[in-house]
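Participant: Pasting a predicted model and its sequence here:
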Amino acid sequence: MPGGRLTQQDRQQIALGLADSLPYAEIARRLDRPTSTITREVMRNGGPTAYRADLAHRATERRAHRRRPASSRGSQSPQPPGRDADAVAEYEETLTTVLMASGLPKMTARVLTCLFVTDAGSVTASHLVQRLQVSPASISKAIAFLESQSLVRRERDERRRDRYVVDDELFYQATIASARANDQLVETARRGVAILGPHTPAATRLENIARFLDFISESIVRAAEQAREVLHTAPGTTSNHTTPAPGPDHG
């Protein structure tokens, strides 16, 4: 039944698909499910290398039993009028799963999701502890990682409490930081060219890697600079400054 709960047979098909190295989209197509459903199912149950159908099915049943008696999430995070709390909770779970699939640890993904869906764009550590039902140490570790990636910044409010903020400009800064993270690898690769000899196969390989990463980094920085104003423009507003840069054939 498309859109219904995954059955044990569905989970067995997911496990077989993973064993055959099928992409999530192909597994979803075979089961007539959204790709996000398959991604979320796999990532919350061990990931693609550790997923087991029987364990995933039992874990889902346990979560369902725990969820029935205490539906406290809604009271912890009341939604504005007109916003469906169940739909928001489902979206938060999906966004967290996608962030995990991109490489973020689970707790870090949960914290970032909480920040993204908060209208104020900022929360305190105590709010995160209460909202996510985890220890202060877990929140501190996740925030430290997000700060290291320039995805969150820390501010002090009028009560001298740390507030963790995510805004549009931070996303631009994180993109630039990610692009520049390759610079050290480029420099090290080119140092190897001199050591190994410029005409050796190993040196050629390193030089090609350096040129590739250098080109990618500069392209990302250039595109981020051109698109930066999108982060400060209301949705639906068009701009003449966000068109792609001309390719090599256009000078």
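Facilitator: Noted; the coordinates are in hand.
Participant: mind showing which ranges of the stretch 101-250 of the chain have poor pLDDT?
Facilitator: Residues of the stretch 101-250 of the chain meeting the criterion pLDDT under 70: 236-250.
Participant: all helices for it, in order.
Facilitator: Assigned by DSSP state H, counting those that start in this stretch, the helices in the stretch 101-250 of the chain fall at 106-117, 125-132, 136-148, 168-180, 183-196, 201-227.
Participant: Just the buried positions in the fifth one, please.
Facilitator: Buried positions in helix 183-196, judged by neighbour count with 16 or more other CB atoms under 10 Å: 186, 189-190, 193, 196. To be clear about C-beta, it is placed using only N, CA and C from the backbone, and glycine gets the same treatment.
Participant: again, but for the longest one
Facilitator: When neighbours are counted by 16+ other CB under 10 Å, the buried residues of helix 201-227 are found to be 203, 206-207, 209-210, 213-214, 217, 220, 224, 227.
Participant: next one: the third one
Facilitator: Residues 138-139, 142-143, 145-146 are the ones in helix 136-148 that count as buried (16+ other CB under 10 Å).
Participant: which two from those residues end up farthest apart in space?
Facilitator: S138 and L146 (12.8 Å; CB to CB).
Participant: Can you give the contact residues for stretch 10-17?
Facilitator: Contacts to stretch 10-17, defined as CB atoms under 8 Å, 6 or more residues apart in numbering, come from residues 6, 26-27, 30-31, 33, 38, 41-42, 51-54, 56-57.
Participant: Mind checking the pLDDT average for it?
Facilitator: Mean pLDDT, computed over stretch 10-17, is 92.
Participant: So which bits of it are buried?
Facilitator: 10-11, 13-15, 17.
Participant: Could you pull up the residues touching T60?
Facilitator: Counted by CB under 8 Å, 6+ apart, T60 has contacts 6, 45.
Participant: hang on, it in a strand?
Facilitator: No. Under DSSP: H, G, I helix; E, B strand; the rest coil, T60 falls outside any strand and is assigned helix.
Participant: how close does it get to I139?
Facilitator: 26 Å (CB to CB, to the nearest Å).
Participant: Next: A50.
Facilitator: Applying CB to CB to A50 and I139 gives a distance of 26 Å.
Participant: Just confirm I220 contacts A177, I think it does.
Facilitator: No. Look at I220 against A177 with CB atoms under 8 Å: they stay out of range, at 10.6 Å.
Participant: pLDDT score assigned to the most centrally placed residue in the chain?
Facilitator: The centroid of the chain falls nearest to L99 when counting by CA atoms, centre = their mean (2.3 Å). Per-residue confidence (pLDDT) for L99: 84.
Participant: so it is in which element?
Facilitator: Using DSSP states H and E, L99 maps to helix 85-101.
Participant: Now do that helix: which elements does it pack against?
Facilitator: helix 35-43, helix 73-76, helix 106-117 (3 or more CB pairs under 8 Å, 6 or more residues apart in numbering; DSSP states H and E).
Participant: buried sites along it?
Facilitator: By neighbour count on 16+ other CB under 10 Å, the buried set for helix 85-101 is 88-89, 92, 94-101.
Participant: what's the answer for stretch 114-129, then?
Facilitator: 114-115, 118, 122-123, 125, 127-129.
Participant: how about the buried residues of helix 183-196 in CSV, adding distance to V152?
Facilitator: Shown next, in CSV, are these (distance: CB to CB, whole Å):
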residue, distance to V152
V186, 27
A189, 31
R190, 33
V193, 38
L196, 41
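Participant: now stretch 97-113: how far from the chain's centre is it?
Facilitator: Counting by CA atoms, centre = their mean, to the nearest Å, stretch 97-113 is centred 5 Å from the centre of its parent chain.
Participant: Residues in contact with it: which ones?
Facilitator: Counting by CB under 8 Å, 6+ apart, 36, 39-40, 43-44, 92, 95-96, 128, 132, 134, 138-139, 141-143, 145-146, 151-152, 164, 166 sit against stretch 97-113.
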